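Peer 1: next input, structure requested:
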Amino acid sequence: MTTQSLTRCFRFPAVDFEPDVHLLVWRDKTETPLTLHESRLLEALCYCAGEVISHEQLHNKTFSQLDPYEDGTNQHYDLNTILKPLAAKLERQGKMAIPIEVVPQYGFRVPLPEKMCRLVHEPDKAEKKEALPSPEHDNHEFRSATEEIVKTSVVHKISVAVLALMAFAVIVASFTGYL
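Peer 2: Residues are numbered from 1 along each chain as shown. Predicted coordinates for the structure are as follows:
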């Protein structure tokens, strides 16, 4: 029996990055495992994708609250010792799947992902894992619970309509009170 989990995904043209399971999932369905630090660093960059994030901000986002049971001493981790092996894992056929741009005297930046989504991940059946949907061909099986409710629930649609009517009534009442 395998356990399926719903994981967050940053989809780039050549690879999906799943930070919850510390994996790079390539289009040919092969997987590259990442260390905890590599995954956290790449996740911090992906959350700020398109923006330059300073060395200090990246360090704080990557290493803050790593172990809640630590004695409180602030261990210093070197980003460069994590960036080098991460860059090697991101390279395929001489090209960076997720290019990490170094902006001198400012920080780091990665491009915007094509999509941020949630995927069903089956760790024990990596070779039998369904093909990931391409960006232009989404599959409803990969919708999050919230997306499913918003798109299909009649109760949700009615409640949104009722809330909109109530908001409109409050606005009308506030204007008639001032006239």
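
Peer 1: give the next helix or strand downstream of the helix or strand bottoming out on mean pLDDT in the chain.
Peer 2: Counting by mean pLDDT, DSSP states H and E, the weakest-scoring helix or strand in the chain turns out to be helix 145-152, with a mean of 62. Per DSSP states H and E, helix 145-152 leads on to helix 154-178 as the next helix or strand towards the C-terminus.

Peer 1: from the chain's centre, how far out does that following helix sit?
Peer 2: In terms of C-alpha atoms, centre = their mean, to the nearest Å, the centre of helix 154-178 is set 34 Å apart from its chain centre.

Peer 1: please name every helix or strand in contact with it.
Peer 2: Helix 154-178 sits against no helix or strand, with contacts defined as 3 or more C-beta pairs under 8 Å, 6 or more residues apart in numbering; DSSP states H and E. Yep, even glycine has a C-beta here, placed from its N, CA and C like the rest.

Peer 1: for that helix, give the mean pLDDT please.
Peer 2: Averaging pLDDT along helix 154-178 gives 82.

Peer 1: heads up, I number from 510, so please use that
Peer 2: Will do, 510 is the new start, and the previous item becomes helix 663-687.

Peer 1: which stretches of the protein form strands?
Peer 2: 514-520, 524-527, 532-535, 540-542, 600-601, 604-605, 610-612, 616-618, 624-630 (DSSP state E).

Peer 1: highest average neighbour count across these?
Peer 2: The highest mean neighbour count among those, using mean count of other C-beta atoms under 10 Å, belongs to strand 524-527: a mean of 24.

Peer 1: from the rest of the structure, what touches that strand?
Peer 2: Defining contact as C-beta atoms under 8 Å, 6 or more residues apart in numbering, one finds that strand 524-527 is touched by 516-519, 532-536, 551-552, 555, 599, 601, 606-607, 622, 628, 630, 641.

Peer 1: swap in 10 Å and give it another go.
Peer 2: 514, 516-520, 532-536, 539-541, 543, 548, 551-552, 554-555, 598-599, 601, 605-607, 619, 622-624, 626-628, 630, 641 (C-beta atoms under 10 Å, 6 or more residues apart in numbering).

Peer 1: make JSON lines out of the strands of the chain and add mean pLDDT and distance to Ala670.
Peer 2: Conversion of these to JSON lines gives the following (pLDDT from 0 to 100; distance: least, C-beta to C-beta, whole Å):
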{"stretch": "strand 514-520", "mean pLDDT": "82", "distance to Ala670": "29"}
{"stretch": "strand 524-527", "mean pLDDT": "92", "distance to Ala670": "36"}
{"stretch": "strand 532-535", "mean pLDDT": "92", "distance to Ala670": "39"}
{"stretch": "strand 540-542", "mean pLDDT": "93", "distance to Ala670": "44"}
{"stretch": "strand 600-601", "mean pLDDT": "92", "distance to Ala670": "48"}
{"stretch": "strand 604-605", "mean pLDDT": "92", "distance to Ala670": "47"}
{"stretch": "strand 610-612", "mean pLDDT": "91", "distance to Ala670": "45"}
{"stretch": "strand 616-618", "mean pLDDT": "92", "distance to Ala670": "42"}
{"stretch": "strand 624-630", "mean pLDDT": "77", "distance to Ala670": "27"}
